[in-house]
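S.K.: structure for this input, please:
(one chain, ligands or ions: 1)
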Amino acid sequence: MKKITFFIATLLFTSSIYAQMKPESTEWHYPKPEKVTPATVNGNAPSDAIILFDGKDLSKWASAKGGDAPWKVVNGEMTVVPGTGDICTREFFGDCQLHIEFKSPAPENHSGQNRGNSGVFLQSTYEVQVLDADNNETYVNGMVGSIYKQKAPSVNAYTKNGEWQVYDIYWKAPVFGTDGELESPAMITVVLNGILVQNNFILKGDTPYIGFPKYTPHGRLPLKLQDHGTGVAFRNIWIRNL
Ligand code: MG
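M.R.: All right, here's what the predicted structure looks like:
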């Protein structure tokens, strides 16, 4: 009986609140989203994006070893010069939306992890794999679209060797407390060539070649691109701070 009375009382109370509500009660007007001009198919970035590479020079990049970025820029593309090492943005990033296009070099005699390998390292630490997936067998959590050694892509969205591939990456940085403990892990969504391949994947930590992922506390860090010994090309790189 008590339960029924309580239920009816709740129902009456709720319906009285709803009776007082207007449609406007649940409509927000602030803060107003800023007007942004979208990216266009011919390669222009959104109006509020930071252009990391527009085909002209590597001024936004440095060698991961220090000094200027040693990769080459030809015909609006920047290409890994094998053996020169990784490159990093001069600016540091946290939560972000990243657009980056890449092209695998001719396969030559390479196969598996040696064919068109590079990598997009969010915050210099967490690798979204770049690899030729055109008839190229390898472990699935190390193929293109994978979070390296953590999660295979849901599908193989790569097209053909020699064609430009487009990554759109949505990154939620890990958060660490003042004592360095992990408060919330990193989360990533990856779209390859317009196809969702990682959907809000929660990372277990970094992405080492050997061993298991782990978190080490950090703040904002550069975006890093990998030199893995093959001449992968990149173009049209832009990022939006979130
Ligand atoms: Mg790699």
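
S.K.: which ones are touching Tyr158?
M.R.: Contacts for Tyr158 (C-beta atoms under 8 Å, 6 or more residues apart in numbering) come out as 132-134, 144-145, 165, 192-193. All C-beta spots, glycine's among them, are computed from the backbone N, C-alpha and C.

S.K.: and Ile100, by the same measure?
M.R.: Listed by C-beta under 8 Å, 6+ apart, the contact set of Ile100 reads 120, 166-167, 169, 234, 236-237.

S.K.: now it, what's its secondary structure?
M.R.: Following DSSP: H, G, I helix; E, B strand; the rest coil, Ile100 is assigned to strand.

S.K.: and it, what are its bridge partners?
M.R.: Ile100 has the following beta-bridge partners by DSSP bridges: Tyr167.

S.K.: need the contact list for the residue nearest to the spatial centre of the chain.
M.R.: Compute the mean C-alpha point of the chain, and by C-alpha atoms, centre = their mean the closest residue is Ile169, 3.1 Å away. Ile169 sits next to 97-100, 120, 122, 128, 188-191 when contact means C-beta under 8 Å, 6+ apart.

S.K.: related to what we said a few turns ago, looking at the contacts of Ile100, spot the one nearest the ion.
M.R.: The ion lies nearest to Val120 out of these, by C-beta to the ion, at 8.7 Å.

S.K.: ok, now how distant is whatever residue of the chain ends up closest to the ion from Asp57?
M.R.: The nearest approach of the chain to the ion comes at Gly119, 3.3 Å away (C-beta to the ion). For Gly119, the distance to Asp57 equals 22 Å [C-beta to C-beta, to the nearest Å].

S.K.: please apply the same query to Gln165.
M.R.: For Gln165, the distance to Asp57 equals 23 Å [C-beta to C-beta].

S.K.: more neighbours: which of these two?
M.R.: Taking neighbours as other C-beta atoms under 10 Å, Gln165 and Asp57 compare with Gln165 leading, 21 against 11.

S.K.: phi, psi for that one please.
M.R.: Backbone dihedrals for Gln165, given as degrees, to the nearest 10, come out at phi -110, psi 150.

S.K.: okay, and the helix or strand of this protein with the least pLDDT?
M.R.: Lowest by mean pLDDT, DSSP states H and E among the helices and strands of the chain is helix 2-20, with a mean of 71.

S.K.: which SSE is Tyr170 in?
M.R.: Per DSSP states H and E, Tyr170 falls inside strand 165-172.

S.K.: how many residues are close by Glu137?
M.R.: Glu137: 10 neighbours (other C-beta under 10 Å).

S.K.: now Ala39
M.R.: Neighbour number of Ala39 under other C-beta under 10 Å is 16.

S.K.: nearest to Gly205, of the contacts of Tyr158?
M.R.: Gly145 (19.4 Å; C-beta to C-beta).

S.K.: wait, that closest one touches Lys151, no?
M.R.: No: no contact is recorded between Gly145 and Lys151 when judged using C-beta atoms under 8 Å, the distance being 9.3 Å.

S.K.: which one's more surrounded, the two?
M.R.: Higher neighbour count among Gly145 and Lys151: Gly145, with 28 against 20, using other C-beta under 10 Å.

S.K.: quick check on that one: phi, psi?
M.R.: According to degrees, to the nearest 10, Gly145 has phi 90, psi -10.

S.K.: who's in contact with it?
M.R.: Gly145 neighbours (C-beta under 8 Å, 6+ apart): 128-129, 133, 152-153, 155-158, 190, 192, 197-198.
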